[in-house]
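Asks: structure for the following, please:
(2 chains, ligands or ions: 2)
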Amino acid sequence: MAESNKPEDFVKHEYEAGFVTDIESDTFEPGLNEDVIKRLSEVKGEPEWMLEWRLEAYRQFQEMTEPNWQKVNFEPVDLQSISYYSAPKKDTDKPQSLDEVDPELLRTYEKLGIPLHEQKALAGVAGAGTPAEAEAGSSEEGGAYSNVAVDAVFDSVSVVTTFKNKLAEAGVIFCSISEALQEYPELVKKYLGSVVPRGDNYFASLNSAVFSDGSFVYVPKGVKCPMELSTYFRINAENTGQFERTLIIADEGASVSYLEGCTAPQRDENQLHAAVVELVALDDAEIKYSTVQNWYPGDENGKGGIFNFVTKRGMARGRNSKISWTQVETGSAVTWKYPSCVLKGDNSVGEFYSVALTNNYQQADTGTKMIHIGKNTRSTIIAKGISAGKSDQSYRGLVKFQPTAEGARNFTQCDSLLIGDKCGAHTFPYIENKNSSATVEHEATTSKVSDEQMLFCRQRGIDPEQAVSMIVNGFCKEVFKELPMEFAVEAGKLLEVSLEGSVG
Amino acid sequence: MLTIKNLHASVEGTPILKGINLEIKPGEVHAVMGPNGSGKSTLAQVLVGHEAFEVTEGEILFDGQNLLDLEVEERALAGLFLAFQYPVEIPGVSNLQFLRTAVNTLRKHRGENELDSPSFMKMAKEKAKQVDLGPDFLKRGVNEGFSGGEKKRNEIMQMLMMEPRLGILDETDSGLDIDALKTIANGVNTLRAENRSFLVVTHYQRLLNHIVPDVVHVLAGGQIIKSGDKQLAMELEEHGYGWLGINEAEAAG
Ligand SMILES: Nc1ncnc2c1ncn2[C@@H]1O[C@H](COP(=O)(O)OP(=O)(O)O)[C@@H](O)[C@H]1O
Ligand SMILES: [Mg+2]
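Replies: Ligands and ions are numbered 1, 2, ... in the order given. From the prediction side, this is the model:
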């Protein structure tokens, strides 16, 4: 009995989104070269400048080598063995309404709890009682996605975007980036690569060369986006990579909250997901970007799972602008991402709230960069890492003050929670201060789910799995409260599922 | 209700309890007194199933069930409650959320409906008031930043919510001023009933002025060396543990 009731025994990852959709796809032969890029651009009917942009990115990419400074171990990805385009077959060019979407696809999203039917979405899907919900006092009964427009990306393409009309009334553009290239090429041309340049890093350059789809958002001057926007990424096809590109622009005085969710089938092979997300906030604009990342993490022996190598960066370009990242990372075999803020405008604000949970053999090297350029810029970093099983996790964060960052401030708090004694947690904070008036505050803690906490909960009749989940949820509270209400409930449930385990 | 027969328990191979015999009948309050290190907390922890302690001999029957066969949470659901000597903090988990989970789990186990938010809130506020904790304590993390006295009152509040068959108090009185002591005693006394029993572990006699025991046991060196009525506690108070031939410094190890 003594051995079988340690907190770590109540942690197991049961991946519920691991099914495969049986659907016919148009898929490129594996391989990467200029011709593949040309064909990709052609299939998508892109303007000439876009192809040139891609090819230049590819030229830069070929000069680069895969980075190895991050604290993760994995077999290098053979980029020639994956396909760079896979899209569900369809007769027409692109479905404009739900009726035209393959019912099999609709069922897939339904199964994942993402309603693409607007009326259903409006009605809301009542969430089951979770600690997070109980916490929120259950005053609002609206479940996940009740007031959310969804862009559904399936493998390489966006299959449908909901609530377009309602958004258009407010002047908000929300569509796939492929569509934006057709309809709003000037906007795309102006901002694409303005935050993450083509030569930024190995995977960002690769993405710039081969990105297949993603979301585009433009919120015009003075507009507060009337609903949450979200993209739901699904990798389905085998031996493909997903390279999506998201570009969000909030014009002067505009604000928007954007959510991103992701899942993939359970497969023994690793699959590559190398996305780039760029955010641009002009004067007095605000962008809140939340992620719930639940890519397939691999099995309990570390076989399979998604390689999640993502570059996310927001440019707080205007005065008093604000970029806020919130992420809940529970999936992927290997995660390597640092959603960052470049605080260029005076008085601009950057935030990073993160929960990363690794279990079994998962590895995560994640954190943020806060680059202070403008005067009186402020940034807050709250990173919560939970390691269980034999997983290994690192927080890596850079706080940099340029000579111009008069009166800038940063607050960083990094907390690690260990479940069991076979996992690891590491913290790598980097501070570069070139302005003597800037201030940095850094706090870090490491704690364990203790036997005493477990005994205490269980003595009150709470079963061990629920106890672990409750303790972990409590640990994440500061971050969860930053998530939009609908997502906080979702995130709480996800943690619970990720920690679900059997006794002994 | 509770029968302990020849109970031996060790921690990391060191014997702590060396043959405890104890019988608690429904409605009775038993006090266990003894010097520091005599094994009082060990007894309480073994009863609720703390896994650091190994039962090497003996048996424990609770309402006829073999307690040692049950997991910690099963014992709790069967009606065993321990007010811990050192209650732990669970940061970020509000008292309210914690209690609601606990109470609803218990209700479900008993085949009762789960309480909805408003009725639960009402009940929690009432019980908090009974132990002089303001409603803001319900929103704070479980014992997070609570003073010693607040933690103890929080334990009794939880006991009031869970209405156990057998309430075990492990030195709930230590470190409390006289007003807090009375508050806690009142809390316990309101729960006293024909079919509910208590095991009150204490170093000092003064708590027993307010929670009047039916039986008093003196534990020393892992054994009950003397039992009697409440008079025994008075005598101990007057003469000290030395009166029973216990060397307190030695017992404390
Ligand atoms: N977890 C433990 N590990 C090692 N020794 C322990 C542990 N718990 C209690 N003990 C030892 O057991 C003896 C009895 O302790 P305890 O039951 O706490 O006494 P009391 O509550 O009467 O003061 C002491 O010598 C103490 O050091
Ligand atoms: Mg003790």
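
Asks: please count neighbours and contacts with C-alpha atoms only from this point.
Replies: Fine.

Asks: just the helices in the chain please.
Replies: In the absence of a named chain, chain A is used. Secondary structure of chain A, counting by DSSP state H: helices at A:34-43, A:48-62, A:103-111, A:118-123, A:131-135, A:164-169, A:177-183, A:185-191, A:202-210, A:451-459, A:464-475, A:477-480, A:485-499.

Asks: please go with chain B instead
Replies: With DSSP H as the criterion, chain B has helices at B:40-48, B:72-77, B:95-109, B:117-130, B:136-139, B:148-162, B:178-191, B:230-239, B:248-251.

Asks: who touches the third one?
Replies: Residues from elsewhere that reach helix B:95-109, judged by C-alpha atoms under 8 Å, 6 or more residues apart in numbering or on different chains: A:131, A:134-135, A:460-462, B:77, B:113-115, B:120-121, B:124, B:137-143, B:158, B:161-162.

Asks: using neighbour counts, trim the residues you listed to the buried set.
Replies: Among the contacts of helix B:95-109, those buried by neighbour count (16 or more other C-alpha atoms under 10 Å in any protein chain shown) are A:131, A:134-135, A:460-462, B:77, B:120, B:124, B:137-138, B:140-143, B:158, B:161-162.

Asks: the residue lying farthest from the centre of chain B and chain A: what is the separation?
Replies: Within chain B, B:P118 marks the point farthest from the mean C-alpha position, 29.2 Å out by C-alpha atoms, centre = their mean. Applying C-alpha to the nearest C-alpha, to the nearest Å, the value for B:P118 to chain A is 10 Å.

Asks: contact partners for the closest residue to ligand 1 within chain A?
Replies: Per C-alpha to the nearest ligand atom, A:E452 is where chain A lies closest to ligand 1, at 10.4 Å. For A:E452, the contacting residues are B:V88, by C-alpha under 8 Å, 6+ apart.

Asks: tell me the strands beside the longest strand along chain A, with direction?
Replies: Counting residues, the longest strand found in chain A (DSSP state E) is strand A:305-316. Paired strands of strand A:305-316, with direction, are strand A:270-273 (parallel), strand A:276-281 (parallel), strand A:334-337 (parallel), strand A:340-343 (parallel) (DSSP bridges).

Asks: would you turn these into JSON lines with distance to B:I168, mean neighbour count and mean pLDDT?
Replies: Below are the strands paired with strand A:305-316 laid out as JSON lines (distance: least, C-alpha to C-alpha, whole Å; neighbours: other C-alpha atoms under 10 Å in any protein chain shown; pLDDT from 0 to 100):
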{"stretch": "strand A:270-273", "distance to B:I168": "54", "mean neighbour count": "24", "mean pLDDT": "77"}
{"stretch": "strand A:276-281", "distance to B:I168": "57", "mean neighbour count": "26", "mean pLDDT": "97"}
{"stretch": "strand A:334-337", "distance to B:I168": "48", "mean neighbour count": "23", "mean pLDDT": "86"}
{"stretch": "strand A:340-343", "distance to B:I168": "53", "mean neighbour count": "29", "mean pLDDT": "98"}
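
Asks: dump the ones you listed into TSV; add distance to ligand 1 as well.
Replies: Shown next, in TSV, are these (distance: least, C-alpha to the nearest ligand atom, whole Å):
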stretch	distance to ligand 1
strand A:270-273	45
strand A:276-281	51
strand A:334-337	39
strand A:340-343	46
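
Asks: mind putting the ones you listed in TSV, distance to A:A170 included?
Replies: Output for the strands paired with strand A:305-316, formatted as TSV (distance: least, C-alpha to C-alpha, whole Å):
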stretch	distance to A:A170
strand A:270-273	33
strand A:276-281	18
strand A:334-337	33
strand A:340-343	27
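
Asks: of these, which is nearest A:E179?
Replies: strand A:276-281 (16.9 Å; C-alpha to C-alpha).

Asks: tell me what angle the closest one forms with helix A:202-210.
Replies: In terms of direction (axes from the mean of the first three to the mean of the last three C-alpha atoms, to 10 degrees), strand A:276-281 departs from helix A:202-210 by 90 degrees.

Asks: sweet, I'm off.
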